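Trainee: The following block contains a protein sequence and its predicted model.
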Amino acid sequence: MARRNSILFPALAAVAVMLFLFDLTVGSTTIGIRDVWAALTGGDCDTAMRDIVLKIRLTKAVTAVLAGAALSASGLQMQTLFRNPLAGPYVLGVSSGASLGVALFLLGAPLFGVGMSPLMQMIGTAGAAWIGAGVILLMVMALSRRIKDIMVILILGMMIGSAIGAVVEILQYLSSESALKSFVIWTMGSLGDITASQLRLVAPITVIGLIISFALIKPLNLLLLGENYARTMGLDIVRSRRLIFVSTTLLAGTITAFCGPIGFIGLAVPHLARMIFASADHRTLMPASMLAGVIVMLACDIISKALTLPVNTITALMGIPIVIFVVVRNRSIV
């Protein structure tokens, strides 16, 4: 296993670096890899191309890296916490909760005549997403303690998501044309709408969430064997749940707030990591899921730019086959 990991991790890291550099070359204006490298290293490069690479595409590529790692880590944590292979921020309604928070802020504030500066909109959007994601995650966790059937939990998560969707549709119906357009574009998912100033907020919060995820590796390994076993091994279940709750809220809530509800990454990528590394140990799975998430998200960004499509459509098309495979392979869950 150690030898396998020593080969796979460097290989996937190399793929991630290559995709990152390739992502910087793709766009409405094609830029050669030499010019990209020159822009990144301060070499001889056309000023216009340097600005495109450093001020636009680099921000988007870094956002893709953060989004891929964050959504994959949060998905892995939820699958382990709920002991459910189909758990994830999107399926269990956590992303929907973040969407509701953003909808209430973006669509609700104008209804009451509240004006917003760019700074207020940035902080308010993030805060609303965290609150929305946190409330839904607490609700699902409370239900999971009373209901042990994983399919019932999934159905309830989807019902919560549907109820949230209905509330969002009411807000859309009542909203002004400008606010509605802004929200609809947000729901399509985009990595390119984050500015450099917003990235200064997104990056540290996401990194904090990822650090907490790494700190939870041992508790997640114990929870994988059941709460009773974890409790006998001296694990503080309540504290571990709270940390998972905080980490998932920071990761899924922040990415959803600024990139929109990007589906299937948190659900599909942890399974992809399990298949590649053939391991259930979170010491391997956590970094593997983050790395695989980075690769998948960068690939989706490249494809979405090449085809001029919302990134959410690409993540769905790439993630759905993996989810179908998991359902077919784990027929006992249906």
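Mentor: Alright, I've got the coordinates. Residues are numbered from 1 along each chain as shown.

Trainee: starting at the chain centroid, how far to stretch 285-299?
Mentor: Stretch 285-299 has its C-alpha centroid displaced from the chain centroid by 11 Å (CA atoms, centre = their mean, to the nearest Å).

Trainee: Quick check: G209 vs Q172, distance?
Mentor: Distance of G209 to Q172, computed by CB to CB, to the nearest Å: 29 Å. For every residue, glycine as well, the C-beta is placed using N, CA and C.

Trainee: Give me the more crowded residue out of these two.
Mentor: Applying other CB atoms under 10 Å to G209 and Q172 shows that G209 carries more neighbours, namely 25 against 15.

Trainee: mind listing what's buried in the helix or strand where that one lies?
Mentor: Under the criterion of DSSP states H and E, G209 resides in helix 196-215. Residues of helix 196-215 classed as buried under the neighbour-count rule (16 or more other CB atoms under 10 Å) are 198-199, 201-203, 205-206, 209-210, 212-213.

Trainee: can you redo the residues you listed as a markdown table with distance to L100 and pLDDT?
Mentor: Shown next, in a markdown table, are those (distance: CB to CB, whole Å; pLDDT from 0 to 100):
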| residue | distance to L100 | pLDDT |
| --- | --- | --- |
| Q198 | 21 | 84 |
| L199 | 24 | 89 |
| L201 | 21 | 85 |
| V202 | 20 | 89 |
| A203 | 25 | 92 |
| I205 | 20 | 91 |
| T206 | 21 | 94 |
| G209 | 20 | 93 |
| L210 | 25 | 95 |
| I212 | 24 | 94 |
| S213 | 24 | 94 |
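
Trainee: Return the closest of the residues you listed with respect to A2.
Mentor: Closest approach between these and A2, by CB to CB: S213, at 22.1 Å.

Trainee: Distance-wise, check the residue lying closest to the closest one once chain neighbours are set aside relative to A252.
Mentor: In this structure, S213 finds its nearest non-sequential neighbour in A73, 4.4 Å apart by CB to CB, 6 or more residues apart in numbering. Relative to A252, A73 is positioned 9 Å away (CB to CB).

Trainee: Of those two, which one has the most company?
Mentor: Shown here are A73 and A252; by other CB under 10 Å, A252 has more neighbours (35 against 30).

Trainee: And the more buried one, how far from D51?
Mentor: For A252, the distance to D51 - CB to CB - is 33 Å.

Trainee: Return the distance of stretch 275-289 from the chain's centre.
Mentor: With CA atoms, centre = their mean as the basis, stretch 275-289 stands 18 Å off its chain's centre.

Trainee: average pLDDT for that stretch?
Mentor: Stretch 275-289 comes out with an average pLDDT of 91.
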